[in-house]
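S.K.: Could you look at this predicted model? Sequence included:
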Number of protein chains: 2
Amino acid sequence: MKPSVGIRDVAQHAGVSNATVSNVLNRPDVVAPATRQRVLAAIEQLGFVRNESARQLRAGRSRVLAYVVLDAANPFFTDVARGVEDAAREAGLALFLCNSASDGGREREYLELLHEQRVEGILITPVDTESAQLAERGTPIVLVDREATDGTRCSVAVDDVLGGELAVTHLIENGHTRIAMVGGPLSIQQVRDRREGALRALRNAGLPDDALTFLETKSLQVSEGRGAGERLVGLPASRRPTAAFCGNDLVALGLLQSMTQQGLRVPDDLAVVGYDDIDFAAAAAVPLTSVRQPREQLGRTAAQLLLAENEPDHEHRHVKFQPELVVRASTAIRRR
Amino acid sequence: MKPSVGIRDVAQHAGVSNATVSNVLNRPDVVAPATRQRVLAAIEQLGFVRNESARQLRAGRSRVLAYVVLDAANPFFTDVARGVEDAAREAGLALFLCNSASDGGREREYLELLHEQRVEGILITPVDTESAQLAERGTPIVLVDREATDGTRCSVAVDDVLGGELAVTHLIENGHTRIAMVGGPLSIQQVRDRREGALRALRNAGLPDDALTFLETKSLQVSEGRGAGERLVGLPASRRPTAAFCGNDLVALGLLQSMTQQGLRVPDDLAVVGYDDIDFAAAAAVPLTSVRQPREQLGRTAAQLLLAENEPDHEHRHVKFQPELVVRASTAIRRR
DNA sequence: CCTCGATGTTGAAACGTTTTAACACCTGAG
DNA sequence: CTCAGGTGTTAAAACGTTTCAACATCGAGG
């Protein structure tokens, strides 16, 4: 069960010193072919597995990156993760995914552990914007899909204000003047930004701020979208919004489900715009208009910034991508 | 940047020995309150972060579980992962997710690394059924959503033969006699099992085996479903199946998209059954009939088996759950 | 006053690697 | 025959913890 066969056992079995075994493992070219074969045979025979803890303790390096994800069940983040992993892999590093599940406590625990593990770097989409938990502790950290407000670290984000503006401008152009924004909690910077963008769109169009009804949800998950749908339908028809801009696609899908379930039609009774343009958005009951973000590029860039962090003259950078509106059936012009 | 402040620095700063600092960290109750405060202050002040490598090297334990997932982008696996994480967390362990992305090479690399890291245990949904890569190397391994054929380790699975049977029986009852099965590759045990179940359903109904057309795909992803859809539509109408049983929901969603795109209606022109019943199945363009698996329970049970692995008189167990058919619009009885 | 047990603290030995500098040996040039 | 230089191997010193046995100190019981 627990073989616990170390480098010394291998050395003894092969009739060499442990230094030679280490050389076989790390610089095979430096050891004579015959010896090398003998050592490899011994390794095979004894079932030796190198102890990474010891290696890391001595060598200082760790060969792994970690990405602490806000919600592993949201395809948006797994797409970002793919970009991260591609970049990590190119640099010869492995990627560990950690799911904070929007729970500050878990997030803190994972960060603590990752710091203690001395991973090469941490990518994180944090729960709170300004969490003190991100204090500098020696391991480089890059913010993903969030903007670092202070200059203490790199970040890669997408212009959420612009995204909100694109979405709501589109709705206004389609003739909507009573619009709901569904999402939350407001502690999430992105929700605030997207709302700000929405308001900007209203002002650009000369509409009053209260043309936007904000329905705050507790999280950005499908179930919350369903709940919001019920709240929406509960409103008197005269005051009910004719369009909804959702904090992300999961919420939008929930809202969609709730609408059909309650006998309302999308987009006729309610137009819906999502956010992220996850693959499932196009496959939805009513294909979803959504704001697309360059997901994989986001991850890839974040990883690259992280890897550049160790360079001598490193300066923290804040990369910001542009979102893009993808129009589908859920916001088709409504019949008059 | 690299503080590299160790336990000895803390000790010196607090005027105690390193053993005492270690005690404060691991057995706070054993050290006098006054001393403890002093040490904690020093830790805080110096920004000390315990080095997990050294701790693990000495202590032998590692406080982390890993789940090597077949496809992080498939919500099925993230749901399973949630179950795993809940159970791990209850046992005071953290969970690292690794994405093999159906790539045997990546899988091998991750396993290697995890073995070297001496994680407490590994959960894996392997790429190949009988991969030699899973050779015993001292770290307990439990198979998730796969059945261990030999008795060398635990596994938690769902009865895929039964699942296939349920799905196809349902289609037959709806009057279909030309049925396609879309999925692959056949190297995946589950695909084979589900096909076997499908054939069993045919036989039970007195239909010939060639009532089932097997369309093999290269993977179980959305894009493959789309591709299969084109192949299906390419068939002459007289020989074209009237129903499709898909290897999983992603493939089914792809197929669905492809159908609408090509102007065919579901379920009228083609009935579709998926597998897994991920949350998006219910929200699809045409809500998807699917075979539900107890996802979180699968993960939770797997983690529990893994944790039991260290018990003295452990015997490997193979838990098998029952799937359940969830009928929705994608297989509504077709009009005559 | 002595002894005993309880309570806190500590020195030093691990844990399993990597690495450095030194060493032995050999070959070919002078 | 000697020596310079190359090639291959090694002894021993880290790396930063945890743990164990031993050591003070102190109050109470005899």
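M.R.: Thanks, I have the structure now.

S.K.: Next up, phi/psi of the residue in chain A positioned nearest to DNA strand C, please.
M.R.: Proximity of chain A to DNA strand C (Cβ to the nearest atom of the strand) peaks at A:Ile7, 2.9 Å away. Just so you know, the C-beta spots here come from the backbone N, C-alpha and C atoms, and that holds for glycine as well. Backbone geometry at A:Ile7, expressed as degrees, to the nearest 10, gives phi -60, psi -30.

S.K.: got it, and A:Thr242?
M.R.: Dihedral angles (degrees, to the nearest 10) for A:Thr242: phi -100, psi 0.

S.K.: For the closest residue to it other than its chain neighbours, pull up the helix or strand it's in.
M.R.: Leaving aside its sequence neighbours, A:Thr242 sits nearest to A:His176 (Cβ to Cβ, 6 or more residues apart in numbering or on different chains; 5.0 Å). Using DSSP states H and E, A:His176 sits in no helix or strand.

S.K.: residues contacting A:His176?
M.R.: Residues near A:His176 by Cβ atoms under 8 Å, 6 or more residues apart in numbering or on different chains: A:Pro241, A:Thr242, A:Ala243, A:Ala271.

S.K.: Can you show me the strands along the stretch 51-200 of chain A?
M.R.: A:64-69, A:94-99, A:121-124, A:141-144, A:154-158, A:179-183 (DSSP state E, counting those that start in this stretch).

S.K.: do you know how far A:Thr213 is from DNA strand D?
M.R.: For A:Thr213, the distance to DNA strand D equals 53 Å [Cβ to the nearest atom of the strand, to the nearest Å].

S.K.: Sorry, wrong one. I was asking about A:Ser258.
M.R.: 51 Å.

S.K.: so where's chain A uncertain?
M.R.: Counting by pLDDT under 70, chain A shows low-confidence ranges at A:1-3, A:129-134, A:334-336.

S.K.: which helices and strands does the host helix or strand of A:Val21 pack with?
M.R.: If you go by DSSP H and E, A:Val21 is part of helix A:18-26. For helix A:18-26, the helices and strands in contact under the criterion 3 or more Cβ pairs under 8 Å, 6 or more residues apart in numbering or on different chains; DSSP states H and E are helix A:7-14, helix A:33-46.

S.K.: Over to A:Val273. Which of the three states is it?
M.R.: strand (DSSP: H, G, I helix; E, B strand; the rest coil).

S.K.: which residues pair with it across the strands?
M.R.: Beta bridges link A:Val273 to A:Phe245, A:Thr289, judged by DSSP bridges.

S.K.: For it, list the residues it contacts.
M.R.: A:167-168, A:170-171, A:243-246, A:252, A:288-291, A:330-331.

S.K.: try 6 Å this time
M.R.: Going by Cβ atoms under 6 Å, 6 or more residues apart in numbering or on different chains, A:Val273 touches A:Ala167, A:Phe245, A:Thr289.

S.K.: between these, which has the most around it?
M.R.: Neighbour tally across the contacts of A:Val273 (other Cβ atoms under 10 Å in any protein chain shown): the maximum, 33 neighbours, falls on A:Phe245.

S.K.: Correct me if wrong: that one contacts A:Ala167.
M.R.: Yes - counting by Cβ atoms under 6 Å, A:Phe245 touches A:Ala167, with 5.0 Å between them.

S.K.: Can you tell me the closest non-neighbouring residue to A:Arg178?
M.R.: Leaving aside its sequence neighbours, A:Arg178 sits nearest to A:Pro241 (Cβ to Cβ, 6+ apart; 4.4 Å).
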